[in-house]
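Asker: quick one: sequence plus predicted model below, questions after.
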Amino acid sequence: MSRAVLPGTFDPFTPGHLDVVDRARHLFDELVVLVAVNGDKQPTRAGEARAQAVRASLSPAWRNVTVAAWRGLTAAYCHDHGVSVIIRGVRTAKDVRQEQELAAMNESLGVSTLLLPTRPSLAAVSSTVARAVADETPPPSERAR
């Protein structure tokens, strides 16, 4: 059985993330969306809250996709759970360069990486942009004014 993980902070989970999940789920028997709990980053919500938001975004019909929160190296999760491939979505050439460095490190730890380019129509939306838009959206009580 082939298994892969798609790690990320998912703060928030964007349409681009959903598209990568949808495409990756067809390539593997099982796909785990791995919500990173990372002390170096300051997400707007706790890991389990982000994991719940990802779960709510996925189609119930996608039975081979699960979501887990994880603190630690993605490669360690892979070794602990019998996963052989890390999926990474990339939007730009800069993303590819950064991901190639991580892929080399993960390969040295015994885990392969597959880079999936984001669809062009979704490439402009990053989690940073999505957060900025959400922060600028007035609360529902003020929208009617």
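Answerer: Nice, I can see it.
Asker: can you show me the helices along this structure?
Answerer: With DSSP state H as the criterion, the chain has helices at 15-24, 47-57, 74-81, 93-108, 127-136, 140-143.
Asker: leaving out the residues flanking it, which one is nearest to the residue positioned nearest the centre of the chain?
Answerer: Nearest to the mean C-alpha position of the chain, by CA atoms, centre = their mean, lies G8 at 3.7 Å. With sequence-adjacent residues excluded and distances taken as CB to CB, 6 or more residues apart in numbering, G8 is closest to A36, at 6.3 Å. Using the backbone N, CA and C atoms, a C-beta is placed for each residue, glycine as well.
Asker: looking at the helices of the chain, which is nearest to S121?
Answerer: helix 15-24 (9.0 Å; CB to CB).
Asker: between helix 47-57 and that closest one, find me the angle.
Answerer: 70 degrees (axes from the mean of the first three to the mean of the last three CA atoms, to 10 degrees).
Asker: pLDDT value on the residue nearest to G8, please?
Answerer: A36 carries a pLDDT value of 90.
Asker: I'd say V35 and R71 touch.
Answerer: No. Counting by CB atoms under 8 Å, V35 stays clear of R71, with 10.0 Å between them.
Asker: more neighbours: which of those two?
Answerer: Using other CB atoms under 10 Å as the criterion, V35 and R71 rank with V35 on top: 29 against 12.
Asker: show me the beta-bridge partners of the more buried one.
Answerer: Taking DSSP bridges as the rule, V35 bridges to G8, A69.
Asker: follow-up on the earlier one: and the residue nearest to G8, what does it touch?
Answerer: With contact set as CB atoms under 8 Å, 6 or more residues apart in numbering, A36 has these partners: P7, G8, T9, F10, G47, W70, R71, T74.
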